[in-house]
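>>> here are the coordinates; sequence isn't available:
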């Protein structure tokens, strides 16, 4: 704003007035020209006596355009430009010590922005495919059900009938490829229930396809067709047609994407070609009217060239690098997805470790307080008069107190604080500890907990705090899931297979999609009482001593039909 003798001169200071060309300069280089209307306040104060050549227009809207006004404007603009150059803009020496940190921060922000864009794109694509394919998959499952019913009613004594049914099955098998959704996002949110239903339908469809294929193949083998060569040739043509159809679809989609990218790159090229002239041509007037010196103009031209070149390289070089990677058959989608998933996992792991650390500290403090309270209760009960100790109520309280004290003693090997020591722990001692710990709960659950002679002879030299919690957590989980199946054969078995300890149960096992998340902190599928901490702590406890644990995927380690966990103890003996 401009004031003269305390009165404001209009229109200077209005949003639509850029008399000192503040916004014009900022549009040329926002980093160098720090000032803008939204970050500037204040006034230029003049006096009529001190500036007699600055005269108002007839309508008192502005100053008459004369030499004094030009000098006045140049003076104010020079002050704004010099302060920006010397103290605030990117060319300021004072800013040089902050620029590396600013650039690093902006690079991280840009990388995070790109990750978020890629993550949002994957999630949007996944959500769209899920909503589009869900009803189609249900209709597909109905077709499989109809084919199963026809196969059940068919006599399968005619070669033509079996071949016809098999052709229909092959057609349905080809269609099953269209229901793939790709890798699911880590955080499904509201899509989790829909995705669970979708996966269930996919598994049912896959099992039905496998059953039908085996039935028709066996029926065809029994009939001994007259021309096996014709059947094989028919399958070759069918499979080739399927592959060719998918190739044509991918080829069309790839060509459309390449065409659209060519248009986009051409547009970027045209815009980038004109940018340098748009930024530097205004300097011609500045030099002509002596607003800036020739040396300063040439320096700014070189700076603008470097800046534009840097901006262009940020756009085109990553694009060309990506195209070269595609040319070399490098899967960028997998790399990007893996990188994003790794970053997300590390962040989640950090948050989990913080939560776990707070949980451990809390447990240590509360455990210490409970021990003191338990001692006070014990002393108080002993000091009660004889008449009170002879009542049934006292007897019930005494039994409950002894059970509570017994539980606290069981927790003593699990403490984190205090001195640590290693002892030889045998499988027989582990079983004795486990049976005592679960004695009352297992009676109610009707679960048999058993161990083999090989496990009883197993010995490991380790801290009790690293071993006992592992078996407590594993067997606690096993008894829960075994209890969900009332089949009369509820067992938990501890055994040794190929020099490794295996804890198995007769429950339903772990879903294939959940196996990779089993040992993640706070991951649980329990409907009640689950916090998702146990298996994470099992792996952490064992890793501290150089031991490992994993979910059994090989058949030789599946000692029972449910979940089986394999532990490899470093330095253990099995005799």
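Great, that's in hand. The structure presented is a predicted model; accordingly, all values stated were derived computationally and were not measured.

>>> how near is residue 551 to residue 565?
According to Cβ to Cβ, to the nearest Å, residue 551 stands 6 Å off from residue 565. In short, each C-beta sits where N, CA and C put it, glycine included.

>>> okay, those two: which has more neighbours?
Higher neighbour count among residue 551 and residue 565: residue 565, with 23 against 17, using other Cβ atoms under 10 Å.

>>> Next up, phi/psi of the more buried one, please.
The phi/psi pair for residue 565 (degrees, to the nearest 10) reads phi -110, psi 130.

>>> average pLDDT for the longest helix seen in the chain?
With secondary structure taken from DSSP state H, the chain has its longest helix at helix 99-153. Averaging pLDDT along helix 99-153 gives 82.

>>> Run through who's touching the next helix or strand after that helix.
Past helix 99-153, further along toward the C-terminus, the next helix or strand under DSSP states H and E is helix 159-175. Here helix 159-175 makes contact (Cβ atoms under 8 Å, 6 or more residues apart in numbering) with 140, 143-144, 147, 150-151, 154-156, 209, 212-213, 216-217, 219-220, 223, 225-226, 231, 234-235, 238, 242.

>>> Now which of those residues would you call buried?
140, 144, 147, 151, 156, 209, 212, 216, 219-220, 231, 238, 242 (16 or more other Cβ atoms under 10 Å).

>>> okay if I get the residues you listed as JSON lines plus distance to residue 185?
Below are these laid out as JSON lines (distance: Cβ to Cβ, whole Å):
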{"residue": "140", "distance to residue 185": "24"}
{"residue": "144", "distance to residue 185": "28"}
{"residue": "147", "distance to residue 185": "34"}
{"residue": "151", "distance to residue 185": "38"}
{"residue": "156", "distance to residue 185": "45"}
{"residue": "209", "distance to residue 185": "27"}
{"residue": "212", "distance to residue 185": "33"}
{"residue": "216", "distance to residue 185": "38"}
{"residue": "219", "distance to residue 185": "43"}
{"residue": "220", "distance to residue 185": "43"}
{"residue": "231", "distance to residue 185": "43"}
{"residue": "238", "distance to residue 185": "35"}
{"residue": "242", "distance to residue 185": "30"}
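
>>> which one of those is nearest residue 496?
residue 209 (38.8 Å; Cβ to Cβ).

>>> Which helix or strand contains that closest one?
Here residue 209 is assigned to helix 192-223, by DSSP H and E.

>>> May I see the buried residues of that helix?
Quick answer for helix 192-223 (16+ other Cβ under 10 Å): 195, 198, 201, 202, 205, 208, 209, 212, 215, 216, 219, 220.

>>> Tell me which two of those residues sit farthest apart.
Maximum pairwise distance among the buried residues of helix 192-223 (Cβ to Cβ): 36.9 Å, between 195 and 220.

>>> Residue 381 is in contact with residue 398, correct?
Yes: here residue 398 reaches residue 381: they are 6.3 Å apart, a contact under Cβ atoms under 8 Å.

>>> Show me the domain layout of this protein.
Annotated domains of the chain cover 2-96, 354-412, 421-568 [automatic domain parsing].

>>> chain center to the longest one, what's the gap?
Yep, that's domain 421-568 we're talking about. Here domain 421-568 is found 28 Å from its chain centre; the criterion is Cα atoms, centre = their mean, to the nearest Å.

>>> average pLDDT for it?
81.

>>> got it, and stretch 229-241?
Stretch 229-241 comes out at a mean pLDDT of 83.

>>> and the closest residue to residue 84 other than its chain neighbours, how many neighbours?
Of all residues not flanking residue 84 in the chain, residue 34 sits nearest, at 4.0 Å (Cβ to Cβ, 6 or more residues apart in numbering). Neighbours of residue 34 under the rule other Cβ under 10 Å: 22.

>>> same question, the one 3 residues further on
Applying other Cβ under 10 Å, we find 15 residues neighbouring residue 37.

>>> give me phi/psi at it?
Dihedral angles (degrees, to the nearest 10) for residue 37: phi -60, psi -30.

>>> Could you do residue 8 as well?
phi -80, psi 140.

>>> Looks like it contacts residue 45 (just checking).
No: counting by Cβ under 8 Å, residue 8 does not reach residue 45; the two are 10.5 Å apart.

>>> Low-confidence regions, the stretch 151-300 of the chain specifically.
Applying pLDDT under 70 to the stretch 151-300 of the chain flags residues 186.

>>> mind listing the strands for the stretch 451-575 of the chain?
Using DSSP state E, counting those that start in this stretch, the strands of the stretch 451-575 of the chain run over 459-462, 491-497, 500-505, 548-551, 564-568.

>>> which helices and strands sit right next to the fourth one?
This points to strand 548-551. helix 534-544, strand 564-568 (3 or more Cβ pairs under 8 Å, 6 or more residues apart in numbering; DSSP states H and E).

>>> now the third one
Under the contact criterion of 3+ Cβ pairs under 8 Å, 6+ apart, the helices and strands touching strand 500-505 comprise helix 464-483, strand 491-497, strand 564-568.

>>> That strand pairs with which strands, and in what direction?
strand 491-497 (antiparallel), strand 564-568 (antiparallel) (DSSP bridges).

>>> what do you get for the fourth one?
Here strand 548-551 is paired, per DSSP bridges, with strand 564-568 (antiparallel).

>>> report the angle between the axes of the strand it pairs with and helix 464-483?
Here strand 564-568 runs at an angle of 160 degrees relative to helix 464-483 (axes from the mean of the first three to the mean of the last three Cα atoms, to 10 degrees).

>>> which residues touch strand 564-568?
Under the contact criterion Cβ under 8 Å, 6+ apart, strand 564-568 has outside partners 470, 474, 497, 499-505, 542, 547-552, 557-558.

>>> One more: stretch 50-68?
By Cβ under 8 Å, 6+ apart, the residues outside stretch 50-68 that reach it are 4, 9, 10, 11, 12, 46, 69, 72.

>>> And the residues you listed, which is closest to residue 20?
For the contacts of stretch 50-68, the nearest to residue 20 is residue 12 (8.2 Å; Cβ to Cβ).

>>> Apart from its chain neighbours, what residue comes closest to that closest one?
Closest to residue 12 by Cβ to Cβ, 6+ apart is residue 2, at 4.2 Å.

>>> In the sheet, which residues pair with that neighbour? Tell me.
Applying DSSP bridges, one finds that residue 2 bridges with residue 9, residue 44.

>>> residue contacts, it?
Each residue near residue 2 by Cβ under 8 Å, 6+ apart is listed here: 8, 9, 12, 13, 43, 44, 46.

>>> out of the residues you listed, what pair is the most spread apart?
Spanning the widest gap among the contacts of residue 2 are 13 and 46, at 13.5 Å by Cβ to Cβ.

>>> Give me the buried positions along stretch 264-278.
residue 276.

>>> what's that stretch in contact with?
With Cβ under 8 Å, 6+ apart as the test, stretch 264-278 has contacts from 304, 305, 308, 311, 312, 315, 316, 319.

>>> So residue 449: helix, strand or coil?
Classification of residue 449 using DSSP: H, G, I helix; E, B strand; the rest coil returns strand.

>>> Can you tell me, leaving aside adjacent residues, what's nearest to it?
Per Cβ to Cβ, 6+ apart, closest to residue 449 is residue 492, 4.7 Å.

>>> Isn't the one you found up against residue 504?
Yes: using Cβ under 8 Å, residue 492 is in contact with residue 504, at 7.4 Å.

>>> Common neighbours of the two, please.
478, 560.

>>> quick one: which of those two has more around it?
Neighbours were counted for residue 492 and for residue 504 using other Cβ under 10 Å; residue 492 has more, 28 against 25.

>>> what's near enough to touch that one?
By Cβ under 8 Å, 6+ apart, residue 492 lies in contact with 447-450, 475, 478-479, 482, 503-506, 560.

>>> a markdown table please, covering these and showing distance to residue 77.
Shown next, in a markdown table, are those (distance: Cβ to Cβ, whole Å):
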| residue | distance to residue 77 |
| --- | --- |
| 447 | 86 |
| 448 | 90 |
| 449 | 86 |
| 450 | 90 |
| 475 | 80 |
| 478 | 79 |
| 479 | 81 |
| 482 | 82 |
| 503 | 79 |
| 504 | 82 |
| 505 | 81 |
| 506 | 85 |
| 560 | 84 |
